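> Here is my input; please provide its structure:
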Amino acid sequence: MSSTFGHLFRSTTFGESHGIGVGVVIDGCPPKLPITAEEIQFELDRRRPGQSKIVTQRQEADQVEILSGIESGLTTGTPIALLVQNQDQRSRDYDELRDKFRPSHADFTYDAKYGLRSVSGGGRASARETIGRVAAGAIAKKLLQLHFDVEILAWVDQVQHIKATVNPESLTLAQIESNIVRCPDQATAEQMIAHIESIRKQGDSVGGIVRAIARGVPTGWGEPIFDKLEADLAKALLSLPASKGFEIGSGYSGTLLRGSEHNDPYRSDDHQTVYTTTNHSGGIQGGISNGMPITLSVAFKPVATILPEQDTVTTDYENTTLKGKGRHDPCVLPRAVPMVEAMIALTLADHALRQRSLY
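You can find the predicted model right below:
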């Protein structure tokens, strides 16, 4: 099982949803980077369950413990180990699942691959695994901010059929965090919240789209041919639980344009710097960053655990039915926002160090 991401800035996550705890070990972080437990906790609080009425009501503080690699508020250059202990496990909610596979979960496929699976909470397949990613992402964000002046922001752009209108260029973190759905378009956010609430009361779920922007990424990041920057971003973001689609720049909408409409013309106003007057490329050309903002979006499916009865099979492959139990998100999007930011940060931090190693 691959649990490590990155080449020079490497993150290895560990733990299961209903085990003792979950966390991450980070290798390759440069020394003397200022980072506090509070900064890491801020990102974990954005991801944690029970934070609002439209997310799962599992009550976890998700309090981070720094086990190694950070002393007196500075990274030491040695492996950084971060742990979050599980507190509100309810394994009894999963007793029936010992003999049944949940539709659209990883139960059947894990069993087919390994010959066994974690029944309680889905084990490593649970979104609780992303705690380690978000914690590592907080450190990657700080590295990118201090050493490269890069800022990463993600937001909920669409919930099912409800779509926001957002100007990414002027977007701020405060605008994103101003409501519980993390959509900076306030009027649309209210519609999204009401829709998610209605779906929750029906015992059902909905999906949607998280968009993101990385501002300040310099030219030259990316490793063609097989480690193109957009390819690594796609891998990072499609590794998130429930993610089903990835677009960068114009994405699928670019297929509706002609080359004369889609090309990004170059311009230089000072004979020292170059920019493009449009950004259909999403900040990446030939797999390498071109200095423009990196813009992308990630599609998330509806959460697989729902209350209505569904058809399934037993572990003996006999037809049966199953009703969902436990505490689950009616819509993963609000909590996916910090996960998306984290995976972008981990990807960019790794490529930043890889570019620096060339000189």
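> alpha carbons only for contacts and neighbour counts from here, please
Will do.
> Pretty sure Thr312 sits against Thr321.
Yes - contact criterion Cα atoms under 8 Å: Thr312 and Thr321 qualify, at 5.4 Å.
> pLDDT weak spots in this protein?
1, 88-95, 120-121, 326-327 (pLDDT under 70).
> Show me where the stretch 101-250 of the chain has its helices.
107-114, 130-148, 173-176, 186-201, 229-238 (DSSP state H, counting those that start in this stretch).
> what residues does the first one touch?
By that I understand helix 107-114. 101-102, 116-117, 119, 122 (Cα atoms under 8 Å, 6 or more residues apart in numbering).
> again, but for stretch 226-234
221-223, 246, 248, 284, 286-289, 343-344, 347, 351.
> of the residues you listed, buried ones?
Buried subset of those (neighbour count, 16 or more other Cα atoms under 10 Å): 221-223, 246, 248, 284, 287-289, 343-344, 347, 351.
> follow-up on the earlier one: of all the helices of the stretch 101-250 of the chain, which lies closest to Arg356?
Smallest distance to Arg356 across those (Cα to Cα): 11.0 Å, for helix 130-148.
> Which residues in the closest one does the neighbour count mark as buried?
130-145.
> now whichever helix in the chain runs longest and helix 130-148, what's the angle there?
As assigned by DSSP state H, the longest helix anywhere in the chain is helix 333-356. Interaxial angle of helix 333-356 relative to helix 130-148 (axes from the mean of the first three to the mean of the last three Cα atoms, to 10 degrees): 50 degrees.
> in helix 333-356, what counts as buried?
In helix 333-356, counting by 16+ other Cα under 10 Å, buried: 333-354.
> before we move on, what about stretch 235-246?
In stretch 235-246, counting by 16+ other Cα under 10 Å, buried: 236-238, 240-243, 246.
> how long is it from one end to the other?
Stretch 235-246 has an end-to-end distance of 9 Å (Cα to Cα, to the nearest Å).
> neighbouring contacts of it?
125-127, 130, 234, 296-303, 339-340, 343-344, 347.
> what does stretch 263-276 give?
277-281, 290-292.
> Can I get that stretch as CSV, trimmed to CA atoms?
What follows is stretch 263-276, C-alpha atoms only, in CSV (Å, rounded to 0.1, in the frame of the first residue of the first chain):
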residue,chain,number,x,y,z
ASN,A,263,-4.1,30.6,-26.8
ASP,A,264,-2.6,32.8,-24.1
PRO,A,265,-0.8,35.7,-25.7
TYR,A,266,2.5,36.7,-24.1
ARG,A,267,3.3,40.3,-23.0
SER,A,268,6.2,42.2,-21.3
ASP,A,269,5.8,45.7,-20.0
ASP,A,270,9.3,46.1,-18.6
HIS,A,271,11.5,43.9,-20.8
GLN,A,272,12.3,41.9,-17.6
THR,A,273,9.2,39.9,-16.8
VAL,A,274,6.7,38.1,-19.0
TYR,A,275,3.0,37.4,-18.4
THR,A,276,0.0,36.2,-20.4
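> Now do it: distance to the chain's middle.
32 Å (Cα atoms, centre = their mean, to the nearest Å).
> for it, which positions count as buried?
Applying 16+ other Cα under 10 Å to stretch 263-276 flags 264, 275-276 as buried.
> and those residues as CSV, adding secondary structure and distance to Ala214?
Listed next are the buried residues of stretch 263-276 as CSV, based on DSSP: H, G, I helix; E, B strand; the rest coil; distance: Cα to Cα, whole Å:
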residue, secondary structure, distance to Ala214
Asp264, coil, 18
Tyr275, strand, 16
Thr276, strand, 16
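> now, among those residues, which is nearest to Ser68?
Distances from Ser68 to those, taken by Cα to Cα, are shortest for Tyr275, at 42.0 Å.
> what sits opposite that closest one in the beta ladder?
Arg267 (DSSP bridges).
> start the count at 32, not 1, going forward
Noted, 32 is the first residue going forward, which turns the last one into Tyr306.
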